[in-house]
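Asks: my questions concern the predicted model and sequence given below.
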Amino acid sequence: MSGGVDSSVAAALMVGAGHDVVGATLKLWGGPSDSGCCSVADVDDARRVAQQLGIAHHVFNMAEDFDRTVVAPYVLAHAEGRTPNPCIECNRHIKFDALLARAGRLGFDVLATGHHARVQPGVGGGPHRLLRGADPDKDQSYVLSMLGQRALGRVCLPVGEMTKATVRTRAGELGLRTADKPDSQDVCFILGDAGRAGFLSERMDLHPGRVLDAAGDEVGRVDAVELVTVGQRRGMGHSTDGKRRFALSVDVRSATVVVGTADEVLVDEVRLAPGSAAWVDRPLGDGEPVIAQVSAHGRPLPATYRSAAGAASVHFAEPQRPIAPGQTVALYEPADPESVLGSGIAA
């Protein structure tokens, strides 16, 4: 229970279905937070919703694991010129690994969360399926695309069949204090006023860098090369000659960013980092068609999965803007675009 409306309604639905429910809130970040998912106020909201529902509520301190598996890799990725997704890594390492394991040790059968996605239990011994949420505008299957059979067999997503409007209506009917609470939008450990630059500057050195075009000519400069994201448009030399450019690559060692026009930066594939593939059921074979999604609410892209000699990549049917190294590429079934096949991380 994060203290938001989705997890509040998820808990209420589990109680209403007759389950023996205990609310659990995670203390993940020891520093200041204004994101709406890790603050003291959010813990209090979760506790008070649990009181409204008549269930016990516990706070689990997983700050050490969070710092080790989410925050430290986030800082390292930026130091190396990659663009990480800490919320996905939190799902991977904390919510659906460490918390799921703790739930098992405490004797609980199922971990229910407020994510907008659906788990379809396997029939007749068949595999469990991970599906998009019923509300396309709130679908969170992308950020859960690393879940495999072991986790899916013990996870319940009660609001996955509901639209967000229905969730809020249900919360209002139940009188839950979180019914009108705004959604959390940002990374929990990044303060809104300081941003990435403020957070990272306290933990690593940031270096100014040159912006070069394809011919090697300098067309601009950036204050911190570590903060540039592949595919970024703003601040990429536009002010020097009025041309729109996009970041094609980031080299932290030489403090340079290579840019190109919209046509010059298009790519027809994205390589996946070795060992980053995670499958809902089975690994895909070389040449299998997929639907790729490269951001939480990105456009589904027809593609082909390639795997040979230990190297994996996704080949797009049409050229696309470059995908930043460190970002997740979620893969869906072409014959059933609601069904998640797995994911990998862009190299």
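Replies: Received, thanks. The shown structure was predicted, so the numbers you read here are calculated from the model rather than taken from an experiment.
Asks: from A194, how far off is the residue most central in space within the chain?
Replies: Note on the chain: the residue nearest the mean C-alpha position is I88, at 3.3 Å, using CA atoms, centre = their mean. Applying CB to CB, to the nearest Å, the value for I88 to A194 is 22 Å. Heads up, the C-betas are built off the backbone N, CA and C, glycines and all.
Asks: so who does A98 touch?
Replies: With contacts defined as CB atoms under 8 Å, 6 or more residues apart in numbering, the neighbours of A98 are M62, D65.
Asks: how is it assigned, secondary-structure-wise?
Replies: For A98, the assignment made with DSSP: H, G, I helix; E, B strand; the rest coil gives helix.
Asks: the helix or strand containing V314: partners in the sheet, and parallel or antiparallel?
Replies: Secondary-structure assignment from DSSP states H and E places V314 in strand 311-320. For strand 311-320, the paired strands and their directions (DSSP bridges) read strand 267-272 (antiparallel), strand 301-308 (antiparallel).
Asks: for it, what is the average pLDDT?
Replies: With pLDDT averaged residue by residue, strand 311-320 scores 97.
Asks: just checking, next helix/strand downstream of the lowest-mean-pLDDT helix or strand in the chain?
Replies: Lowest on mean pLDDT, DSSP states H and E among the helices and strands of the chain sits helix 238-241, with a mean of 74. Counting by DSSP H and E, the next helix or strand C-terminal to helix 238-241 is strand 246-251.
Asks: what's the angle from that next one to strand 267-272?
Replies: Here strand 246-251 runs at an angle of 40 degrees relative to strand 267-272 (axes from the mean of the first three to the mean of the last three CA atoms, to 10 degrees).
Asks: got the strands paired with strand 311-320 as CSV, with mean neighbour count, distance to A255 and mean pLDDT columns?
Replies: Conversion of the strands paired with strand 311-320 to CSV gives the following (neighbours: other CB atoms under 10 Å; distance: least, CB to CB, whole Å; pLDDT from 0 to 100):
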stretch, mean neighbour count, distance to A255, mean pLDDT
strand 267-272, 18, 23, 97
strand 301-308, 18, 32, 97
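Asks: need the ones you listed in TSV with distance to M146, can you?
Replies: Rendered in TSV, the data for these read as follows (distance: least, CB to CB, whole Å):
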stretch	distance to M146
strand 267-272	13
strand 301-308	16
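Asks: and the contacts of stretch 148-165?
Replies: Defining contact as CB under 8 Å, 6+ apart, one finds that stretch 148-165 is touched by 6, 9-10, 13-14, 96-97, 100, 103-104, 109-119, 121-122, 127-131, 133-135, 137-138, 147, 167, 170, 278-281.
Asks: narrow those residues to those that are buried.
Replies: Listed as buried from the contacts of stretch 148-165 are 6, 9-10, 13-14, 96-97, 100, 103, 111-119, 127-131, 133-135, 138, 147, 167, 170, 278-281; burial here means 16 or more other CB atoms under 10 Å.
Asks: quick check: domain ranges of the chain?
Replies: Following automatic domain parsing, one finds the domains of the chain at 5-115+157-174, 205-260, 267-345.
Asks: among those, which is nearest D186?
Replies: Proximity to D186 (CB to CB) singles out domain 5-115+157-174 among the domains of the chain, at 4.5 Å.
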